[in-house]
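S.K.: Provide a 3D model corresponding to the input given below.
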Amino acid sequence: MSLNNIQLTAGAVQDLYKKSLVLSDKTPDAKVEKPSTTVPLNILGNNQQKILILVADDEALYLPDDQLNFLMGILAACKLTMQDVAILNTTKNAAISYTNLSITLQPSTVILFGVETSIISLPLQFPTYQIQAYNNQTYLSAPPLTLLQNDKAEKTKLWLCLKQLFSL
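M.R.: A predicted model of the protein is given here:
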């Protein structure tokens, strides 16, 4: 008799797998709840178009007024409003990841202003001003809004990407 042909009785199998094989006709009384994998997020905007804008600012909850006004101008040029987007300050939201963002906000487009992809645990890196598809989402990385405000060449690069991204 070889090891490949060993036949065990039902009682022997039951003795071997006492804790791992369970045959039960009755259902459990209490439901086991899965732990939530999402973390509550502080966002500005209504996210109707599923466009997520990530920024990093240590001072303000979302953005300082001058940067917010500049961003509103960018949105207006793209024919978008605060109703269409969600602005999230990565420094004011603990333990965020692209999976949490995907589950909670379900963005189709993510624009990172001065935010490294590693901050949201995105498993890829790409250069600024390169539109990148990943996980049924479109990503665009750009410099911080403070740098864009005062640099016409950088604004032009961003505008070219936004035109392509939003089919303008």
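
S.K.: show me where pLDDT drops low in this structure?
M.R.: In the predicted model, the chain carries pLDDT under 70 at residues 1-5, 8, 10-39.

S.K.: how about 50 then?
M.R.: 21, 30-36 (pLDDT under 50).

S.K.: and the strands in it?
M.R.: In the chain, the strands defined using DSSP state E lie at 43-44, 51-55, 85-89, 109-113, 131-134, 137-142.

S.K.: need the winner for burial among those.
M.R.: strand 51-55 (a mean of 26; mean count of other Cβ atoms under 10 Å). (Each C-beta comes from the backbone N, C-alpha and C, glycine too.)

S.K.: next, the angle from that one to strand 109-113.
M.R.: Interaxial angle of strand 51-55 relative to strand 109-113 (axes from the mean of the first three to the mean of the last three Cα atoms, to 10 degrees): 20 degrees.

S.K.: quote the end-to-end distance of stretch 45-54.
M.R.: 12 Å (Cα to Cα, to the nearest Å).

S.K.: can you list contacts of that stretch?
M.R.: 71, 80, 82-88, 90, 101, 105-113, 115, 119-120 (Cβ atoms under 8 Å, 6 or more residues apart in numbering).

S.K.: in this structure, which spans are helices?
M.R.: All helices of the chain, identified by DSSP state H, fall at 10-16, 65-77, 98-105, 145-149, 152-165.

S.K.: buried sites along the last one?
M.R.: Put plainly, it is helix 152-165. Buried residues in helix 152-165, counted by 16 or more other Cβ atoms under 10 Å: 154-155, 157-158, 161-162, 165.

S.K.: picking that back up, so which of the helices of the chain gets nearest residue 130?
M.R.: Closest to residue 130 of those, according to Cβ to Cβ: helix 152-165, at 8.0 Å.

S.K.: what's the angle from the closest one to strand 109-113?
M.R.: 170 degrees.

S.K.: for helix 152-165, C-alpha coordinates in CSV please.
M.R.: This file holds the C-alpha atoms of helix 152-165, laid out as CSV (Å, rounded to 0.1, in the frame of the first residue of the first chain):
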residue,chain,number,x,y,z
LYS,A,152,2.7,81.0,-16.1
ALA,A,153,4.7,78.1,-17.7
GLU,A,154,3.4,75.7,-15.1
LYS,A,155,-0.1,77.0,-15.5
THR,A,156,0.1,76.3,-19.2
LYS,A,157,1.3,72.7,-18.7
LEU,A,158,-1.5,72.1,-16.2
TRP,A,159,-4.1,73.7,-18.6
LEU,A,160,-3.0,71.4,-21.5
CYS,A,161,-3.5,68.3,-19.2
LEU,A,162,-6.9,69.6,-17.9
LYS,A,163,-8.1,70.2,-21.5
GLN,A,164,-7.2,66.6,-22.3
LEU,A,165,-8.6,65.2,-19.1
